[in-house]
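Enquirer: pasting a predicted model and its sequence here:
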Amino acid sequence: MDPLSSDQPLLAELYAASVQGRISTGLQAGNYLATAGSKTESRKSRGKNGPRCASVSEFSLHANVCIPAKARHQLENLCRYVARPAVAMERLSVLPDDRVSYRLRHKLHNGATHVVFEPLDLIAKLAALVPPPRFNLVRYHGIFAPASPWRSHVVPFDPGESDSVNHTGCSAEKIEKEADGNDVEKPNRCHPRNYSWAELLKRVFEIDILECDRCGGRMRILCAINPPDAIRKILYCLGLPSRPPPIFPVVQEHSFEY
């Protein structure tokens, strides 16, 4: 038995109706959604016929999007598509009978251009799009699965990328090489679950905060200083200000006539 059906029967019903394009609640439960601009009443599969596309039991899968390496523009478009809202408000309108009409971006196979909802049916469709707490939205299958024994062979990771010291003549680097041995390779290890703040800055804003401005080598965090008194003393010894700059009042502009 499906645990979702036993624990959350209403949510399971909303999911099933949303996938099939049917109404989940009310007197019209089980019927297909009403459409406008339809030419025929056939309910054929809505899957796309193309390479790496499939449609089974009214569930379609489109896996024909491939982004080359360093294609930042295509990656941005994909991120915008994934982060898009559930409903485009400019396509939503209220009909005179208080029903809600949603204009589709592309016509359906039967020529329909709009989908008509009862207000409660629209809320049910939106509720099916809200993921439950702590639910993984991205799933990896096969060799990319977290428990796959071959994952470490296909997922690249440099164990010394984030905390290595590459400064020329650094004593810490020499001690590390002498202890580990130059001919012994370090075993590959998985990346921790949470990214550090430096890695997030590099991934999001392309700012490498751990790159040395003088030699271009890698720096590492030695310790984190939290007490305010210790921070002020260190800044004082370095000749740096320990107080934020003062906030000046807004200067009002005056107009003069000549």
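Expert: Right, received. Where do you want to start?
Enquirer: and residue 148, what does it touch?
Expert: Residues counted as contacts of residue 148 (CB atoms under 8 Å, 6 or more residues apart in numbering) are residue 142. Glycine gets a C-beta too; all of them are placed from N, C-alpha and C.
Enquirer: part of a helix, is it?
Expert: No. Under DSSP: H, G, I helix; E, B strand; the rest coil, residue 148 sits outside any helix and is assigned coil.
Enquirer: measure how far stretch 94-110 is from the centre of its chain, please.
Expert: Distance of stretch 94-110 from its chain centroid, counting by CA atoms, centre = their mean, to the nearest Å, is 29 Å.
Enquirer: please read the previous query as pertaining to stretch 78-88.
Expert: From the chain centre to the centre of stretch 78-88 is a distance of 10 Å (CA atoms, centre = their mean).
Enquirer: state the mean pLDDT of that stretch.
Expert: Stretch 78-88 shows a mean pLDDT of 82.
Enquirer: can you pull out the strands in this structure?
Expert: With DSSP state E, the ranges of strands along the chain come out as 34-36, 53-56, 59-62, 92-94, 100-103, 114-117.
Enquirer: just the CA coordinates for the third one, please, in PDB.
Expert: Below are the C-alpha coordinates for strand 59-62, written out as PDB (Å, rounded to 0.1, in the frame of the first residue of the first chain):
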ATOM      1  CA  PHE A  59       2.400  11.100 -17.900                       C
ATOM      2  CA  SER A  60       4.900  12.700 -20.400                       C
ATOM      3  CA  LEU A  61       8.600  13.000 -20.000                       C
ATOM      4  CA  HIS A  62      10.800  15.300 -22.100                       C
END
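Enquirer: I figured residue 212 was touching residue 220, is that so?
Expert: No. In this structure residue 212 lies outside contact range of residue 220 using CB atoms under 8 Å: 10.7 Å.
Enquirer: end to end, how far does stretch 97-105 reach?
Expert: Using CA to CA, to the nearest Å, the end-to-end distance of stretch 97-105 comes to 23 Å.
Enquirer: buried residues, that stretch. List them.
Expert: Neighbour counts over stretch 97-105 (16 or more other CB atoms under 10 Å) mark 100-102 as buried.
Enquirer: give me the contact list for stretch 135-144.
Expert: 131, 146, 148, 150-151, 154-155.
Enquirer: again, only using 10 Å
Expert: 82, 131, 145-151, 153-155 (CB atoms under 10 Å, 6 or more residues apart in numbering).
Enquirer: off-centre distance for it?
Expert: 13 Å.
Enquirer: quick check: mean pLDDT of that stretch?
Expert: 79.
Enquirer: start and end of it, how far apart?
Expert: For stretch 135-144, the end-to-end distance is 18 Å (CA to CA).
Enquirer: next, the buried residues of that stretch.
Expert: So for stretch 135-144, nothing qualifies as buried (16+ other CB under 10 Å).
Enquirer: stretch 113-127 too?
Expert: 114-118, 121-122, 124-125.
Enquirer: what's the first-to-last distance across that stretch?
Expert: 23 Å.
Enquirer: what is the lowest-pLDDT residue among the contacts of stretch 135-144?
Expert: Minimum confidence in these sits at residue 155, scoring 70.
Enquirer: how close does it get to residue 205?
Expert: Using CB to CB, to the nearest Å, residue 155 is found at 24 Å from residue 205.
Enquirer: more neighbours: those two, which one.
Expert: Neighbour tally, residue 155 and residue 205, criterion other CB atoms under 10 Å: the higher count belongs to residue 155, 14 against 9.
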